[in-house]
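Chemist: 3D model of this:
(one chain, ligands or ions: 1)
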Amino acid sequence: MQITEEPKIRIESSRPSMNLRHVVESQQFTVPLLMELFDRTRLMERIVARGGTLDYQNRILASLFYEPSTRTRFSFEAAMHRLGGRVLSTEHARYFSSAIETEQVEDSIRIIGSYSDVIVIRHNQEGGARRAAAVSPVPVINAGDGEGGQHPTQALLDLFTIYRERPIEGLSVAFIGELDRGRTVRSLAYLLAKFDRVKIYFVSPPELQMKPDILEYLDRHEVKYEIEADINKVVGEVDVVYQTRIRPDRVSSVASQMRYAIDSSVLPKLKPNAMILHPLPRTVELDKTVDSDPRAFYFRQAANGLVVRMALLTMLLDR
Ligand SMILES: O=c1ccn([C@@H]2O[C@H](COP(=O)(O)O)[C@@H](O)[C@H]2O)c(=O)[nH]1
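Modeler: Residues are numbered from 1 along each chain as shown. The predicted structure is shown next:
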């Protein structure tokens, strides 16, 4: 794709109105900050449509992944390239360099922060990103920390995907699958709690249900929710079905995994204008026959990762 420089689209290179130093958890985002991010995201859509910008040349993003990633790493790196910047990257941070000799994340971050302008980190331990942010000389973005941690930028792109289609106020959302270790679900629940009249259904086998910390947060913020084990009682009620995997080792049988699957037998039960989301990658819980249904939004959701992450990078780099 050719970069067209004329007429120039101005990224409000002015400073973001709200101070955002690191992105560690979803709770950091207020509704005005989310709206500012989404306004910038719309601008990024226009910039990407013309091939990108050179505005951030000479800025360097370091991507440091201690766990595998497809969408998050590629979209962050593509985002920096579309902004004209450069990327230093490893997807084997657990094995590279001195981590194998038990170098602490703090030391790695101090060093890498002296080579770069922003660090994107996926850490295998809950709290890994927070530890990184505590010592980093440059902004740190949490790209997933531990199984019970968070994945705030996934939640931002999830929310943007919904926001493009309908108001978030008054929305009903069913989170289905392996909820206790679903960092994407945890992060999105925190974001949804910022909006009025949202209702959340947590649908999973009892042993994989959402952990009390999120439920207590929802209670404190007076967000309505229900715990449910039967997918059929919920799918017809909601505006958004947020499907997630159930890994086979977490349930006793394939049959119980399949009880939470979305396939062509479930589609007729959904509202005609429902949205089906999934953070991907999928296993058996989201059948490929669903892909051609107009309510399937998961590939658009993954694609939105690029523009949302571009917008977020500009907000951190412009401050
Ligand atoms: O059902 C799911 C599927 C994925 N996740 C988490 O989402 C990301 C996916 O990683 P990519 O960087 O997009 O490849 C990862 O953090 C998974 O742990 C999930 O929680 N539930």
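
Chemist: just the helices in the stretch 101-250 of the chain please.
Modeler: Along the stretch 101-250 of the chain, counting by DSSP state H, counting those that start in this stretch, helices occupy 105-113, 128-135, 152-163, 183-192, 212-220.

Chemist: what angle sits between the fourth one and helix 152-163?
Modeler: Direction vectors for helix 183-192 and helix 152-163, defined by axes from the mean of the first three to the mean of the last three C-alpha atoms, to 10 degrees, enclose an angle of 60 degrees.

Chemist: so helix 183-192, near the ligand or not?
Modeler: Yes: with C-beta under 6 Å from any ligand atom as the criterion, the ligand is reached by helix 183-192 at 183, 184. C-beta: built from backbone N, CA, C; applies to glycine.

Chemist: which other residues reach that helix?
Modeler: 25-27, 29, 34, 144-152, 154-156, 158-159, 168, 171, 173, 175, 177, 179, 198, 200, 210-211, 214, 217-218, 223, 242, 244, 279 (C-beta atoms under 8 Å, 6 or more residues apart in numbering).

Chemist: same thing with the third one?
Modeler: The contact list for helix 152-163 (C-beta under 8 Å, 6+ apart) reads 23-26, 28-29, 34, 37-38, 41, 72, 76, 141-144, 168, 171, 183-184, 187-188, 190-192, 240, 242, 275, 277, 279, 297, 300-301, 304-305, 308-309, 312.

Chemist: and the stretch 101-250 of the chain, which residues reach the ligand?
Modeler: Counting by C-beta under 6 Å from any ligand atom, the residues of the stretch 101-250 of the chain near the ligand are 144, 151, 154, 177, 182, 183, 184, 244, 245.

Chemist: pick out the most distant pair among those residues.
Modeler: The span of those, defined through C-beta to C-beta, is set by 144 and 177 at 16.5 Å.

Chemist: more neighbours: which of the two?
Modeler: Between residue 144 and residue 177, counted using other C-beta atoms under 10 Å, residue 177 has the larger neighbour count: 29 against 26.

Chemist: next up, the contacts around that one.
Modeler: 185, 203, 204, 208, 243, 244, 245, 246, 260, 285.

Chemist: so for stretch 262-279, what gets flagged as buried?
Modeler: Burial within stretch 262-279, assessed by neighbour count using 16 or more other C-beta atoms under 10 Å, is assigned to 262, 266, 267, 270, 274, 275, 276, 277, 278, 279.

Chemist: tell me who's in contact with the fifth one.
Modeler: By that I understand residue 274. 238, 239, 240, 241, 295.

Chemist: which one of these is nearest to the ligand?
Modeler: Distance to the ligand, by C-beta to the nearest ligand atom, is smallest for residue 241 among the contacts of residue 274, at 12.8 Å.

Chemist: how many residues are close by the closest one?
Modeler: Residue 241: 27 surrounding residues under other C-beta under 10 Å.

Chemist: then residue 195?
Modeler: 17.

Chemist: residue 107 now?
Modeler: Look at residue 107: counted by other C-beta under 10 Å, it has 12 neighbours.

Chemist: about what we covered before: of all the helices of the stretch 101-250 of the chain, which one comes closest to residue 93?
Modeler: helix 105-113 (7.6 Å).

Chemist: could you list every helix and strand in contact with that closest one?
Modeler: strand 60-65, strand 118-123, helix 128-135 (3 or more C-beta pairs under 8 Å, 6 or more residues apart in numbering; DSSP states H and E).

Chemist: sorry, back to before: need the helices of the stretch 101-250 of the chain in a markdown table (columns: mean pLDDT).
Modeler: Shown next, in a markdown table, are those (pLDDT from 0 to 100):
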| stretch | mean pLDDT |
| --- | --- |
| helix 105-113 | 94 |
| helix 128-135 | 96 |
| helix 152-163 | 98 |
| helix 183-192 | 98 |
| helix 212-220 | 98 |
